[in-house]
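# Requesting a structural model of the entry that follows:
(2 chains)
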There are 2 protein chains.
Amino acid sequence: MDELPLSRTYRFIEPGPVVLVATLHKERINIMTMSYHMVVQDGNQPLIGCIIGPWDHSFEALQETGECVIAIPTVDLASTVVEIGNCSGDEIDKFKTFGLTAMRARKVKPPLLAECLVNLECRVFDTSLVDKYNFFILAVVKAWIDPDRKERRTIHHNGDGTFVVDGEILNLREKMIKWPDYL
Amino acid sequence: MDELPLSRTYRFIEPGPVVLVATLHKERINIMTMSYHMVVQDGNQPLIGCIIGPWDHSFEALQETGECVIAIPTVDLASTVVEIGNCSGDEIDKFKTFGLTAMRARKVKPPLLAECLVNLECRVFDTSLVDKYNFFILAVVKAWIDPDRKERRTIHHNGDGTFVVDGEILNLREKMIKWPDYL
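Residues are numbered from 1 along each chain as shown, chains lettered A, B, ... in the order given. Purely as a prediction, here's the structure:
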């Protein structure tokens, strides 16, 4: 994995892909699927907002440890992503069950997922809306990308068990007159 | 436009499309492009979280009136979406400039956008993180969908002036064992 500059991490969250979230609590790794998340702040101190609730096994881990890894899978992992979302960490070891490879992260204890395109090491940054909405704000503290990966299409959940795969790319940079640094 | 049940609105936000936001303030309609947003709550009282900052002309309108319409454009509007994002409501009337059609909303004063697939009438619901992050939570109070629209592919911003268009659909409902109501 190559290091991904923090200032570029928002570019992988903004399009809205389904992501995996890894936590480590009581010597146990858990992974969950997540689709309610967004960029809260871009720039050099990226913040991600997300909903992780008490119904998720990862909620307690995140509350207790304040750390997670957000991993962005591509379409080849679509079935695994759904299966991970459909079983509880109470019952099984998702890493073993789904043949995923844990790699050591640099700044947090939960692992990176070797099979994913991008991995974001995150620390809980703001919990003020957790009680009301289960809304966490996470700070990305280190980021990684797999430069060798050929399949880079992500998937987006339509909320009904169907997923949209990334299709064609439109390049409209020349219209982005406000942000000349894109040019 | 047909009414869209509130309980189904999250299905159009969860995949992460770029959206347009219409406001009405001091007898003037404004539209902005938005890409930092998420589902905060699904079900019959849908909540949407989004970042709208003082750099957006719509920020003051939203603060003052507490109302907006979130409209979801499809790929045929991609150029317009970018152009809307690149000019300020201070300077021009975006409706006139881009040939968009305003339709009367039912529960809020800002208009629906006739050219969009989905329109969500929203009221500001929680402003507790506006000062810190420009993070608004909006309640969807009425929703509409254009049943006759053939082009239904939305676009997702990669954060660099390129956009991913919706591609193929994967149907993984049969793996969604946790949510038998999808079947």
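
# Just give the number of residues close to residue A:45.
12 (other CB atoms under 10 Å in any protein chain shown). In short, each C-beta sits where N, CA and C put it, glycine included.

# ok, now the one 4 residues further on?
By the other CB under 10 Å criterion, the neighbourhood of residue A:49 contains 29 residues.

# Quick one: residues contacting it.
Shown in contact with residue A:49 (CB atoms under 8 Å, 6 or more residues apart in numbering or on different chains): A:37, A:38, A:39, A:40, A:135, A:136, A:137, A:138, B:38, B:49, B:135.

# Without its sequence neighbours, what residue ends up closest to the residue most central in space within chain A?
Compute the mean C-alpha point of chain A, and by CA atoms, centre = their mean the closest residue is residue A:70, 2.9 Å away. Spatial nearest neighbour of residue A:70, excluding adjacent residues (CB to CB, 6 or more residues apart in numbering or on different chains): residue A:120 at 4.4 Å.

# what's the one helix or strand the one you found maps to in contact with?
Assigned by DSSP states H and E, residue A:120 falls within strand A:118-129. The list of residues contacting strand A:118-129 from outside it, by CB under 8 Å, 6+ apart, reads A:1, A:4, A:9, A:12, A:47-48, A:62-63, A:66-72, A:103, A:105-108, A:112-113, A:135-146, B:126, B:128-129, B:132-133.

# ok and the residue in chain A nearest chain B?
residue A:16 (1.3 Å; CB to the nearest CB).

# check contacts around that residue.
A:156, B:14, B:15, B:16, B:17, B:156.

# quick revisit: in PyMOL, how would I select the buried members of the contacts of residue A:49?
Those of the contacts of residue A:49 that count as buried under 16 or more other CB atoms under 10 Å in any protein chain shown are selected in PyMOL with:
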select buried, (chain A and resi 37+38+39+40+135+136+137+138) or (chain B and resi 38+49+135)
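
# from the chain's centre, how far out does the helix or strand bottoming out on mean pLDDT in chain A sit?
When the helices and strands of chain A are scored by mean pLDDT, DSSP states H and E, helix A:94-98 comes last with a mean of 83. Its chain's C-alpha centre and that of helix A:94-98 lie 18 Å apart, by CA atoms, centre = their mean, to the nearest Å.

# And it, what does it pack against?
strand A:28-34, helix A:78-85 (3 or more CB pairs under 8 Å, 6 or more residues apart in numbering or on different chains; DSSP states H and E).

# Dump these into TSV; add mean neighbour count as well.
Below are the helices and strands packed on helix A:94-98 laid out as TSV (neighbours: other CB atoms under 10 Å in any protein chain shown):
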stretch	mean neighbour count
strand A:28-34	21
helix A:78-85	21
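
# so can I have a markdown table of these showing distance to chain B and mean pLDDT?
A markdown table is the format used below for the helices and strands packed on helix A:94-98 (distance: least, CB to the nearest CB, whole Å; pLDDT from 0 to 100):
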| stretch | distance to chain B | mean pLDDT |
| --- | --- | --- |
| strand A:28-34 | 10 | 93 |
| helix A:78-85 | 4 | 92 |
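
# Tabulate the ones you listed in a markdown table, adding columns for distance to residue B:31.
Formatted as a markdown table, those follow (distance: least, CB to CB, whole Å):
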| stretch | distance to residue B:31 |
| --- | --- |
| strand A:28-34 | 30 |
| helix A:78-85 | 35 |
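
# list the contacts for the nearest residue to residue A:65 once chain neighbours are set aside?
Distances taken as CB to CB, 6+ apart put residue A:25 closest to residue A:65, at 5.6 Å, once the chain neighbours are dropped. By CB under 8 Å, 6+ apart, the contact list for residue A:25 reads A:60, A:61, A:64, A:65.

# Could you tell me which of those residues count as buried?
Buried, going by 16+ other CB under 10 Å: A:60, A:61, A:65, out of the contacts of residue A:25.

# The last one and residue A:109 touch, don't they?
Yes. Distance between residue A:65 and residue A:109: 7.0 Å, which falls inside the contact criterion (CB atoms under 8 Å).

# For the two, list the residues in contact with both.
residue A:24.

# And the furthest pair within the contacts of residue A:16?
B:14 and B:156 (11.9 Å; CB to CB).

# Would you list the phi and psi of residue A:57?
phi -60, psi -30 (degrees, to the nearest 10).

# what's the burial count for it?
20.

# What of residue A:43?
As a burial measure, residue A:43 scores 9 neighbours (other CB under 10 Å).

# Which secondary structure state is assigned to it?
coil (DSSP: H, G, I helix; E, B strand; the rest coil).

# That one is in contact with residue A:8, isn't it?
No. Residue A:43 lies out of contact with residue A:8 (CB under 8 Å); the separation is 10.4 Å.

# other SSEs contacting the helix or strand containing residue A:62?
If you go by DSSP H and E, residue A:62 is part of helix A:57-65. The helices and strands touching helix A:57-65, judged by 3+ CB pairs under 8 Å, 6+ apart, are strand A:19-25, strand A:28-34, strand A:67-72.

# Give the partner strands of the second one in its sheet and their orientations.
Here the strand partners of strand A:28-34, with direction, are listed using DSSP bridges: strand A:19-25 (antiparallel).

# Check the shortest one too.
According to DSSP bridges, strand A:67-72 forms sheet pairs with strand A:19-25 (antiparallel), strand A:118-129 (antiparallel).

# Need the CA coordinates for the last one. PDB is fine.
Output in PDB follows, covering the C-alpha atoms of strand A:118-129 (Å, rounded to 0.1, in the frame of the first residue of the first chain):
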ATOM      1  CA  VAL A 118      -8.200   2.600   0.100                       C
ATOM      2  CA  ASN A 119      -7.800   2.400   3.900                       C
ATOM      3  CA  LEU A 120      -8.300   5.300   6.200                       C
ATOM      4  CA  GLU A 121      -7.000   5.200   9.700                       C
ATOM      5  CA  CYS A 122      -9.500   7.100  11.900                       C
ATOM      6  CA  ARG A 123      -9.900   8.500  15.400                       C
ATOM      7  CA  VAL A 124     -13.200   9.500  16.900                       C
ATOM      8  CA  PHE A 125     -13.200  13.300  16.800                       C
ATOM      9  CA  ASP A 126     -16.600  14.500  17.900                       C
ATOM     10  CA  THR A 127     -19.300  12.500  19.700                       C
ATOM     11  CA  SER A 128     -21.700  15.400  20.500                       C
ATOM     12  CA  LEU A 129     -24.500  13.900  18.300                       C
END
